[in-house]
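J.: return atomic coordinates for the entry below.
(chains A and B)
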2 protein chains.
Amino acid sequence: MPTHKSQMRKIKLSQEENFTSEDEFVEFIKPLLQKNSGDIGIGDDAAVVDFGGQKLVATTDMLVENVHFQDTWVTPKYLGRKAALTNLSDMSAMGAMPEFALVSLIMRPNQWQKGFVDKLYQGLLMEFGPYKVRICGGNITQGAVFSITLMILGRVHKQPLLRSGAKMGDLLCVTGSLGRMASEVKQLLENKIQQAKELPVCRLKFAQTINQEKLPSSGLDISDGLALDLQRLCQASQVGAVVWQQNLPIDHNLHVAGYSKQETLRLVLSGGEDYELLFTLHPNKLELIKKLARTENTPFSVIGEITPQNAGLKLKTTSGKLLPLNPKGWDHIRA
Amino acid sequence: MPTHKSQMRKIKLSQEENFTSEDEFVEFIKPLLQKNSGDIGIGDDAAVVDFGGQKLVATTDMLVENVHFQDTWVTPKYLGRKAALTNLSDMSAMGAMPEFALVSLIMRPNQWQKGFVDKLYQGLLMEFGPYKVRICGGNITQGAVFSITLMILGRVHKQPLLRSGAKMGDLLCVTGSLGRMASEVKQLLENKIQQAKELPVCRLKFAQTINQEKLPSSGLDISDGLALDLQRLCQASQVGAVVWQQNLPIDHNLHVAGYSKQETLRLVLSGGEDYELLFTLHPNKLELIKKLARTENTPFSVIGEITPQNAGLKLKTTSGKLLPLNPKGWDHIRA
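T.: Model (predicted):
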């Protein structure tokens, strides 16, 4: 649930009026929970609560059939791996260390098979293994539509990485490349390929390292597209931003696919599911983070800078024009 | 996930063979997770893990449309209350104190409304409020079938209440009455009533109190019917049990409904969704627990006793006959 410290927008919806975005939903439930949740903010990529003097970090994310994937696109092992990686990404976004997982499954009757369950769990364990995340429980139910919901529990030793904290003049940075996952979904939808094989890259170690060194001023993971997630970061930090088109790390696969320039830009800015780390940085920390990125073997790019809030979200094109950056990402209400 | 310390049954299933019960599913995934989960047992009503020197208790449970309820039976507020209560019941079953909740929703397009969400959360808060459980995060997705998955985090100060620990000669006890929830589901399915109104009674305080005093030797909550959940307790404790029919606390509503004796017994033994606490007790602790039950205003009945494992599960009828007790409960695979 996004936007930890964004200003409370007054939502005026009649009882029958529909929410038009996830962010609107989150803003709506905030006041409902305020009395109940005490000092805990609803938002950011994971919740952080005090537990026995430690900072416990908890997050949940799900994959739902016919929403996040089509049954024919995926193997059970792929589903397990992707479910693990998207949840680990929320922990990366907080600079947290994951420790435990709960697994909740709704499975169709034809999925109650040793083979299916074995491969699904192999997929989970394959991604959890390197980080010693232990599956400690869960729940199973039979249903008409498959879904897997994971909850990850972990901790941060110092401060979590938050969406708020970006300051004017900070550099805007992103790990890896953008558009790869969205390009694959596009090709699956257009029947150009039959099976999903691309998976998010886990940025957990890099995120922990730079957060422990207090290098980023803010950060989140790009789950719903660069433009929409950047908007969330800017709202939480009460700043604006300009993205430099010429510095955008376009994924190699997009060049191979031969998309138009416009389609490439759309996939990079609004495609979603990249699960790369978007973070801001005081310029005097750039050299140090470059060094750490080399040590951790984690590519990253400086793709823009933070501006005053009233400057809004802008794209500086390769030709030098300054255009409004429209935050159209993957939204579970608008989708 | 049931049966914390049950003996590992060797499951022999071909890759295509279907699981025939939830317990078989749990036994199947145990060895998959053994290497990964370390010292943490899969099973019992919630997971207990060490977190910063504290015993963190985590559980998850879900309500799925067309599986646990029909859309026309329920109001959004009822769904919120029931989701909260079934999850709190898992914490009761461990003698744990809940502290935080995550809420994961899959909502149909026509449910993205202020009115629906408002009432759903009012329902959650109504049940969480008295125990100061704070909703600290969650996830939302649009989908074809509504489901609500909660995850509750809490703690136990001393030892958790486990399914294992029942000893031969212990008394078998249950809180409240049995069959009320199952009777309502039956009447809904038979179109004798149109709206669900019955809700589980929360046994959290009583469970915490008796567990803190180390009174029960084992315990769990009855989610899938007395017979099936008793079988799980007996497997975990490696004991048998005899249930005394004449002591069974038949819910008042079952008398009112005028069921046959056989149907009444079926609802009480196998109906499911009672969410009452089933626990075992050394006989010399009976007087103390009676006193605590009066203080906490929690009715409970002694409904049988623990026998050797090879005596199996038996029902002693009102006429004194000893019959095998068939553990047919609500099972999400067999259902």
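J.: what does the average pLDDT come to for whatever helix or strand A:Lys290 lives in?
T.: Taking DSSP states H and E as the definition, A:Lys290 sits inside helix A:286-295. Here helix A:286-295 scores 96 as its mean pLDDT.
J.: same question, stretch A:144-152
T.: Rounded mean pLDDT across stretch A:144-152 is 95.
J.: tell me if that stretch is near chain B.
T.: Yes. Using CB under 8 Å from any CB of the partner chain, a contact is recorded between stretch A:144-152 and chain B, made by A:Ala144, A:Val145, A:Ser147, A:Thr149, A:Met151. In short, each C-beta sits where N, CA and C put it, glycine included.
J.: so which helix or strand takes in A:Ser104?
T.: Going by DSSP H and E, A:Ser104 is part of strand A:97-107.
J.: quick one: strands adjacent to that strand?
T.: Looking at strand A:97-107 with DSSP bridges, its partner strands are strand A:134-142 (parallel), strand A:147-156 (antiparallel).
J.: follow-up on the earlier one: among the residues of stretch A:144-152 next to chain B, which ones are buried?
T.: A:Val145, A:Ser147, A:Thr149, A:Met151 (16 or more other CB atoms under 10 Å in any protein chain shown).
J.: quick one: low-confidence parts of the stretch 151-300 of chain A?
T.: Regions of the stretch 151-300 of chain A meeting the criterion pLDDT under 70 are absent.
J.: so where do the strands sit in the stretch 101-250 of chain A?
T.: A:134-142, A:147-156, A:171-175, A:216-221, A:240-244 (DSSP state E, counting those that start in this stretch).
J.: C-alpha coordinates for the third one, PDB please?
T.: Yep, that's strand A:171-175 we're talking about. Only the C-alpha atoms of strand A:171-175 are listed here, as PDB (Å, rounded to 0.1, in the frame of the first residue of the first chain):
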ATOM      1  CA  LEU A 171      19.600  12.500  -8.000                       C
ATOM      2  CA  LEU A 172      17.000  10.000  -9.200                       C
ATOM      3  CA  CYS A 173      18.500   6.500  -9.700                       C
ATOM      4  CA  VAL A 174      17.200   3.100 -10.800                       C
ATOM      5  CA  THR A 175      18.800  -0.300 -10.700                       C
END
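J.: which strands or helices does the biggest helix by length in chain A pack on?
T.: Identified as the longest helix of chain A according to DSSP state H is helix A:76-93. If you count contacts as 3 or more CB pairs under 8 Å, 6 or more residues apart in numbering or on different chains; DSSP states H and E, helix A:76-93 packs onto strand A:54-64, strand A:97-107, helix A:114-128, strand A:147-156, helix A:204-212, strand A:216-221.
J.: buried ones in it?
T.: Those would be A:76-93, for helix A:76-93 by 16+ other CB under 10 Å.
J.: go on, stretch A:261-272?
T.: Result for stretch A:261-272 [16+ other CB under 10 Å]: buried residues A:Glu263, A:Thr264, A:Leu265, A:Arg266, A:Leu267, A:Val268, A:Leu269, A:Ser270, A:Gly271, A:Gly272.
J.: just stretch A:172-182 next, same as before
T.: Buried-residue list, stretch A:172-182, by 16+ other CB under 10 Å: A:Leu172, A:Cys173, A:Val174, A:Thr175, A:Gly176, A:Ser177, A:Leu178, A:Gly179, A:Arg180, A:Met181, A:Ala182.
J.: with stretch A:314-327 instead?
T.: A:Lys314, A:Leu315, A:Lys316, A:Leu325, A:Pro327.
J.: can you tell me the SS state at the second one?
T.: Using DSSP: H, G, I helix; E, B strand; the rest coil, the secondary structure recorded for A:Leu315 is strand.
J.: in the sheet, who's paired with it?
T.: The partner residues for A:Leu315, given DSSP bridges, come to A:Val243, A:Leu323.
J.: surely it and A:Ile303 touch.
T.: No. If you go by CB atoms under 8 Å, A:Leu315 and A:Ile303 don't touch, sitting 10.4 Å apart.
J.: any residues in contact with both of the two?
T.: A:Val243 (CB atoms under 8 Å, 6 or more residues apart in numbering or on different chains).
J.: about what we covered before: now distance to A:Ala293 too, for the strands paired with strand A:97-107, in CSV please.
T.: What follows is the strands paired with strand A:97-107, written out as CSV (distance: least, CB to CB, whole Å):
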stretch, distance to A:Ala293
strand A:134-142, 29
strand A:147-156, 21
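J.: of all those, which lies closest to A:Leu63?
T.: Nearest of those to A:Leu63, taken as CB to CB: strand A:147-156 at 5.2 Å.
J.: related to what we said a few turns ago, now the strands of the stretch 101-250 of chain A as JSON lines including distance to A:Cys234?
T.: Output for the strands of the stretch 101-250 of chain A, formatted as JSON lines (distance: least, CB to CB, whole Å):
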{"stretch": "strand A:134-142", "distance to A:Cys234": "36"}
{"stretch": "strand A:147-156", "distance to A:Cys234": "23"}
{"stretch": "strand A:171-175", "distance to A:Cys234": "10"}
{"stretch": "strand A:216-221", "distance to A:Cys234": "9"}
{"stretch": "strand A:240-244", "distance to A:Cys234": "5"}
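J.: tell me which of those strands lies nearest to B:Pro308.
T.: Of the strands of the stretch 101-250 of chain A, nearest to B:Pro308 by CB to CB is strand A:134-142, at 30.2 Å.
J.: that closest one to helix B:76-93, inter-axis angle?
T.: 130 degrees (axes from the mean of the first three to the mean of the last three CA atoms, to 10 degrees).
J.: next, count neighbours for the closest residue to A:Glu17 other than its chain neighbours.
T.: Spatially, and ignoring its direct neighbours in sequence, A:Glu17 is nearest to B:Lys114 (5.9 Å; CB to CB, 6 or more residues apart in numbering or on different chains). Here the number of neighbours of B:Lys114 (other CB atoms under 10 Å in any protein chain shown) works out to 19.
J.: also A:Asp45?
T.: 28.
J.: for it, what are its contacts?
T.: A:Asp45 touches A:Pro2, A:Thr59, A:Ser89, A:Asp90, A:Ala93, A:Met94, A:Arg163, A:Leu220, A:Asp221, counting by CB under 8 Å, 6+ apart.
J.: one more: A:Val64?
T.: Contacts of A:Val64 by CB under 8 Å, 6+ apart are A:Val145, A:Phe146, A:Ser147, B:Ile106, B:Thr141, B:Gly143.
J.: in the sheet, who's paired with the closest residue in space to A:Val64 that isn't next to it in sequence?
T.: Once flanking residues are discounted, A:Val64 sits nearest to A:Ser147: 4.4 Å by CB to CB, 6+ apart. Taking DSSP bridges, one obtains A:Val64, A:Ile106 as the residues bridged to A:Ser147.
J.: circling back: the longest helix of chain A vs strand A:54-64, what angle?
T.: Going by the same axes, to 10 degrees, helix A:76-93 makes 140 degrees with strand A:54-64.
J.: tell me the mean pLDDT for helix A:76-93?
T.: 96.
J.: kindly report the same for stretch A:128-138.
T.: 93.
J.: and it, how far out from the chain's middle?
T.: Relative to the centre of its chain, stretch A:128-138 is centred 20 Å away, using CA atoms, centre = their mean, to the nearest Å.
J.: list the buried ones in that stretch?
T.: Buried, per 16+ other CB under 10 Å, within stretch A:128-138: A:Phe128, A:Tyr131, A:Val133, A:Arg134, A:Ile135, A:Cys136, A:Gly137, A:Gly138.
J.: residues contacting it, please?
T.: Counting by CB under 8 Å, 6+ apart, residues outside stretch A:128-138 touching it are A:84, A:88, A:97-105, A:121, A:124-125, A:152, A:202, A:204, B:1, B:33, B:36-38, B:40, B:42, B:46-47, B:49, B:58-60.
J.: thinking again about what came up before, using CSV, write out every CA atom in the strand holding A:Ser104.
T.: Taking C-alpha atoms only, strand A:97-107 is exported to CSV below (Å, rounded to 0.1, in the frame of the first residue of the first chain):
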residue,chain,number,x,y,z
MET,A,97,16.2,-8.4,5.6
PRO,A,98,13.5,-11.1,5.0
GLU,A,99,13.4,-14.0,7.5
PHE,A,100,10.1,-15.8,7.4
ALA,A,101,7.2,-16.5,5.0
LEU,A,102,3.6,-17.6,5.2
VAL,A,103,2.1,-19.1,2.0
SER,A,104,-1.7,-18.9,1.3
LEU,A,105,-3.0,-20.8,-1.6
ILE,A,106,-6.3,-20.9,-3.4
MET,A,107,-6.0,-23.9,-5.8
